[in-house]
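> Sharing a sequence plus its predicted fold:
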Amino acid sequence: MAYPMNDIVKRCQKDYNYSDQDMVILEKELKRYFILSAVKTPHAGGTGMYSADVDNLWHTFILFTKDYADFCQKHMNRFIHHMPETENSKKSPDYLAETQKDFQAFVKNYQEIFNEEIHPIWLLDMC
């Protein structure tokens with residue numbers, strides 16, 4: 001949680017027009033996403049990205065390629081790949097059912113690990 005992201009936050013704010021308050025939330029939630037990704041195996045469920053806004057900060061972080069690679073190696077012990085969705089995959093009923101199941105696991109994992117209700121930023125894109 002203490003990893004410095006000042007330049008990344010500034011770039012994201014500039015590119016996406018977020019407020020200072022938005023960026024505080026997005027930085028915290030992206031770091032929590034990385035924590036969840038670190039403690040859960042990639043195929044255990046509950047490690048998908050469920051917030052377009054948090055994803056925007058992740059996209060910005062990835063642009064800082066050296067910093068991102070170093071962060072992954074030092075703090076995650078593996079490179080966390082970004083897997084974009086395709087339009088075709090979003091329309092499949094099987095995909096939607098699997099996404100809902102994974103999101104429920106994400107919420108459960110979040111609440112167990114951080115011992116609090118999931119932040120509403122994660123709920124905006126799932127309604």
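Sure thing, it's come through.

> pLDDT below threshold where in this structure?
Low-confidence segments of the chain, defined by pLDDT under 70: 41-46, 86-91, 126-127.

> From the centre of it, point out the most distant residue.
Centroid-distance maximum for the chain: Pro93 at 23.5 Å, with C-alpha atoms, centre = their mean.

> measure it to Ala105 for me?
The gap separating Pro93 from Ala105 is 19 Å, by C-beta to C-beta, to the nearest Å. Heads up, the C-betas are built off the backbone N, CA and C, glycines and all.

> Mind jotting down where the helices sit in the protein?
In chain order, the chain shows helices spanning 6-16, 20-39, 52-63, 65-71, 87-91, 93-114, with DSSP state H as the criterion.

> could you redo these as JSON lines and give each row distance to Leu124?
As requested, the helices of the chain are exported to JSON lines (distance: least, C-beta to C-beta, whole Å):
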{"stretch": "helix 6-16", "distance to Leu124": "14"}
{"stretch": "helix 20-39", "distance to Leu124": "11"}
{"stretch": "helix 52-63", "distance to Leu124": "7"}
{"stretch": "helix 65-71", "distance to Leu124": "25"}
{"stretch": "helix 87-91", "distance to Leu124": "16"}
{"stretch": "helix 93-114", "distance to Leu124": "12"}
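
> Deepest-packed of the ones you listed, please.
Ranked by average neighbour count under the criterion mean count of other C-beta atoms under 10 Å, the helices of the chain are headed by helix 52-63 at a mean of 19.
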